[in-house]
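Asks: Pasting a predicted model and its sequence here:
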Amino acid sequence: MDIIKEWTDELRYRPYHQWDEHYQQVLIENVRNSQWQLNYHIQPESGLLNDPNGFSYYNGKWHLFYQAYPMGAVHGIKSWYQLTSENLVDWQPEGLALLPDASYDSHGVYSGSAIVVDDKLVLAYTGNVRDQQWQRQSYQMLAYMNQEGEITKAEKPFIPAPPTGYTHEFRDPQVFIYEEKYWVLIGAQREKLEGTVLAYVGESLDTLEFKGELAFTDQSMGFMVECPNLVFIDDTPVLLFCPQGLDPKISPYQNIYPNSYITADNFDSEKLALTNPSQLQNLDEGFDVYATQAFNAPDGRALAVSWVGLPEIEYPSDQESWAHCLSIIKELTVKNGQLYQTPVAEQADLRQEQQDLAGTLTQQPTALLDETDNSYEIMLELSADSQGKLHLFADQELNHSLVIDFDVKNGMIKVDRSNAGLPFAQEYGTTRSFSIEKHQALNLQIFVDHSVCEIFINDGQKVVTARVFPQEGENGLFLEGASGTYSGNCWRLRKMIND
Ligand code: FRU
């Protein structure tokens, strides 16, 4: 059976049941032969994955859904795919949970969130519909999951249309409870084609009222805001969101669209305002993070997960019938008004054999690990005077590698993907540079998994996420430098249990 290479709208929006029943199986076989499959990150079994959705804790388990198009590595007609976990690292696939099979979501079950109400998990999503003229209609919908895991969609939208003055670019409802009221934030576009976030409030999800725009900045947020997400970290409100078409002068970024955040002193629920908001910042300094979703877990932690991928970009694995993955689960904290992201504590469950690392940086590159299968975690402390390069996904000659170029003396880091694996997305630049604390030891905690790498810098003050598509033999880990010393640990990481 031939795999589709040329995609038309007709093919992308063809209902799944109209595909040959063996078609997806052919894709799945293709993916199983992919050298870039991931060991401990969530990836699609075939086709495309994008935003995380409905991250929640319900009925004794963690639930996580993602935007899925199973028939190819393209943005086709979307569903929610479900996974569950008991420990936030081993994720069991539960299959497609919300299909685009109703009149209010006929062209895609788009992104949204989940909240426990009474004994049910309520899923809030956007029903995407295209009319005869291919004009978009957006409906905000609910579905209810019971303790047996059965999901029932509500028949009618809970928010049937955007308010006057806004277009149908109106999606990604985040539902949360604040001061005992239900709040829904929705990514929106003014008729003047400007991005914004709208707020609805009510005693229940059936009695919501439109309150207005969330005030979080005086600056222009581009032409659309996707995936708004407000979390409270020890009372500090943190708004995560994805402004499309943002002027980089407002907040510099290199990716096609940034995943931004602001922190604030307070959330003024009367004024719908984040009080004294910070400047917009990039949530991730790397190449591939978007649509991060966070929620306040019952144990008090603010947990986040990102789509590792970006809209409108082709990736090398597209050729192998799959695209993208989710990040590991990250815990968000705030220290001195600054956001920190760290791997969730449970991530340590993956650790296998451990190796100590220590030495002096030399011009001659040192292999920190002889053989890696590109599935490891490394924690490295570099002295305050150190200057050098760490090479991940490296071949023996260091012609190919992802380079972390650190100059701790001058407080700079550059991550260079120019010669890492197969080239892609080069039009958005192949390096990312940013400043770090000067004159203090640098610590790096790095997770490498076959074709993705997540780098946590200085206890999570900065994070760099990058897809890398290594070729045969590009699995080395080398350190070189002009000055300084290093110490740390490395662990081989096991595969997540997912069957
Ligand atoms: C963000 C996004 C959302 C939308 C979903 C569709 O990546 O465009 O705004 O709901 O993806 O898959």
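Replies: Thanks, I have it.

Asks: all helices of this structure, in order?
Replies: 9-12, 23-32 (DSSP state H).

Asks: Output the shortest one in CSV with nothing but the alpha carbons.
Replies: Presented in CSV, the C-alpha positions along helix 9-12 are these (Å, rounded to 0.1, in the frame of the first residue of the first chain):
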residue,chain,number,x,y,z
ASP,A,9,-7.3,19.3,2.0
GLU,A,10,-9.6,16.5,1.0
LEU,A,11,-7.2,13.9,2.3
ARG,A,12,-6.3,15.7,5.5
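
Asks: and residue 437, what does it touch?
Replies: 411, 458, 461 (C-beta atoms under 8 Å, 6 or more residues apart in numbering). For glycine as for every other residue, the C-beta is placed from the backbone atoms N, C-alpha and C.

Asks: now, which of those residues sits nearest the ligand?
Replies: Minimum distance to the ligand across those is 26.0 Å, recorded for residue 461 (C-beta to the nearest ligand atom).

Asks: Of the helices of the chain, flag the one that's most buried.
Replies: helix 23-32 (a mean of 16; mean count of other C-beta atoms under 10 Å).

Asks: And that one, how far out from the chain middle?
Replies: 25 Å (C-alpha atoms, centre = their mean, to the nearest Å).

Asks: and stretch 26-41, average pLDDT?
Replies: The pLDDT scores in stretch 26-41 average 96.

Asks: State the pLDDT value of the one residue in the stretch 151-300 of the chain that gets nearest to the ligand.
Replies: The stretch 151-300 of the chain approaches the ligand most closely through residue 226 (3.7 Å), counting by C-beta to the nearest ligand atom. Looking at residue 226, its pLDDT reads 98.

Asks: Could you count how many residues lie near the spatially closest residue to it that is not a sequence neighbour?
Replies: Distance criterion C-beta to C-beta, 6 or more residues apart in numbering; nearest residue to residue 226, sequence neighbours excluded, is residue 242 at 4.3 Å. Per other C-beta atoms under 10 Å, the neighbour tally for residue 242 reads 29.

Asks: got the contact list for residue 242?
Replies: 187, 225, 226, 227, 257, 258, 259, 260, 290, 291.

Asks: swap in residue 276?
Replies: Residue 276 makes contact with 264, 265, 266, according to C-beta under 8 Å, 6+ apart.

Asks: The same query, at a cut-off of 6 Å, please.
Replies: 264, 265 (C-beta atoms under 6 Å, 6 or more residues apart in numbering).

Asks: again with residue 63
Replies: 56, 84.

Asks: if you skip the residues just before and after it, what's nearest to residue 451?
Replies: residue 36 (3.7 Å).

Asks: measure that neighbour to the ligand for me?
Replies: 21 Å (C-beta to the nearest ligand atom, to the nearest Å).

Asks: Verify the contact between that residue and residue 452 for me.
Replies: No: counting by C-beta atoms under 6 Å, residue 36 sits too far from residue 452 to count as a contact (8.8 Å).

Asks: Tell me, domain by domain, which residues of this protein belong where.
Replies: 9-343, 350-493 (automatic domain parsing).

Asks: Of all those, which one comes closest to residue 499?
Replies: Closest approach to residue 499 among the domains of the chain (C-beta to C-beta): domain 9-343, 7.5 Å.

Asks: Ends of that closest one, what's the gap?
Replies: Taking C-alpha to C-alpha, to the nearest Å as the measure, domain 9-343 stretches 39 Å from start to finish.

Asks: do stretch 413-433 as well
Replies: 6 Å.

Asks: got a list of contacts for that stretch?
Replies: Residues from elsewhere that reach stretch 413-433 (C-beta under 6 Å, 6+ apart): 254-255, 285-286, 313, 315-316, 393, 400, 402-406, 436, 464, 466, 468-470.

Asks: Buried residues of that stretch, list them for me.
Replies: 413, 415, 416, 417, 419, 420, 421, 422, 424, 425, 430, 432 (16 or more other C-beta atoms under 10 Å).

Asks: Could you do stretch 392-402 as well?
Replies: 392, 393, 394, 395, 400, 401, 402.
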